[in-house]
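A.B. asks: Got a predicted model here, sequence first, then my questions.
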Amino acid sequence: MESCPVTYLTFVVLLETSLFTASPAPPANPLRYQEAYRQTAQTGQPLLVLVGAQWCAACERMKASVMPDLNRRGRLHQVTYAMVDQDTEQKLAARLMSGATVPQLILFTKTADGWTRRQLTGMHSSRDVQAFLHNAIERTAARPQEKVRR
């Protein structure tokens with residue numbers, strides 16, 4: 001049986017391409033709130049919490065599209081990310097939320113005076129969330145003594 005170098009070469013190129021091509025980052029894997037809280041209390045890293053509900057189309061879009069996009073682009077590396085379902089974790093959601101509208105993206109950052117809280121309410125694009133995170137983290141780093149209000 002004669003070997004066909006073109007077929008073999010094609011196979012090798014396909015194999016090498018599939019082995020060495022960088023695959024996209026996995027979707028954002030949020031922690032449970034309690035685990036994220038413990039982690040951020042130990043490290044001082046900002047805590048980002050998405051409060052939503054399964055019946056909420058905007059919440060599901062944030063969870064399935066916006067947050068994984070930010071993760072793929074490395075925009076969640078500065079925060080500990082958690083999700084809270086408003087329906088299954090009602091008491092926790094009520095403590096975290098300001099107002100009743102979901103989704104709420106809440107960011108806690110540590111300052112010299114304690115933790116500050118900022119939030120985005122409603123559906124937001126990746127660009128909006130990225131700007132929110134960047135501005136909040138930069139402001140906290142630039143003025144760690146200032147207690148920032150919502």
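C.D. replies: Okay, I see it.
A.B. asks: Please enumerate the strands of the chain.
C.D. replies: Under the criterion DSSP state E, the chain carries strands at the ranges 47-52, 80-85, 104-111, 114-121.
A.B. asks: any chance of those strands in a markdown table, with distance to E138, mean neighbour count and mean pLDDT too?
C.D. replies: No exception for glycine: its C-beta is placed from N, CA and C like everyone else's. Supplementary listing: the strands of the chain in a markdown table, determined by distance: least, C-beta to C-beta, whole Å; neighbours: other C-beta atoms under 10 Å; pLDDT from 0 to 100:
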| stretch | distance to E138 | mean neighbour count | mean pLDDT |
| --- | --- | --- | --- |
| strand 47-52 | 15 | 24 | 98 |
| strand 80-85 | 18 | 21 | 97 |
| strand 104-111 | 10 | 21 | 94 |
| strand 114-121 | 12 | 16 | 94 |
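A.B. asks: of all these, which lies closest to N135?
C.D. replies: strand 114-121 (8.8 Å; C-beta to C-beta).
A.B. asks: lowest-confidence helix or strand of this protein?
C.D. replies: helix 5-20 (a mean of 41; mean pLDDT, DSSP states H and E).
A.B. asks: circling back: dump the strands of the chain to CSV, plus distance to P68.
C.D. replies: Output for these, formatted as CSV (distance: least, C-beta to C-beta, whole Å):
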stretch, distance to P68
strand 47-52, 12
strand 80-85, 11
strand 104-111, 14
strand 114-121, 17
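A.B. asks: quick one: L92 from Q86, how far?
C.D. replies: The gap separating L92 from Q86 is 9 Å, by C-beta to C-beta, to the nearest Å.
A.B. asks: Which one's more surrounded, the two?
C.D. replies: Q86 (22 against 16; other C-beta atoms under 10 Å).
A.B. asks: got the contact list for the more buried one?
C.D. replies: Applying C-beta atoms under 8 Å, 6 or more residues apart in numbering, we find Q86 in contact with V51, G52, A53, A93, M97, V102.
A.B. asks: ok, those residues vs I137, which is closest?
C.D. replies: The nearest member of those to I137, counting by C-beta to C-beta, is V51 at 19.7 Å.
A.B. asks: Could I get the contacting residues of the closest one?
C.D. replies: M83, V84, Q86, A93, L96, M97, V102, P103, Q104, L105, I106.
A.B. asks: My guess is L120 contacts V129. True?
C.D. replies: Yes. Here L120 reaches V129: they are 6.7 Å apart, a contact under C-beta atoms under 8 Å.
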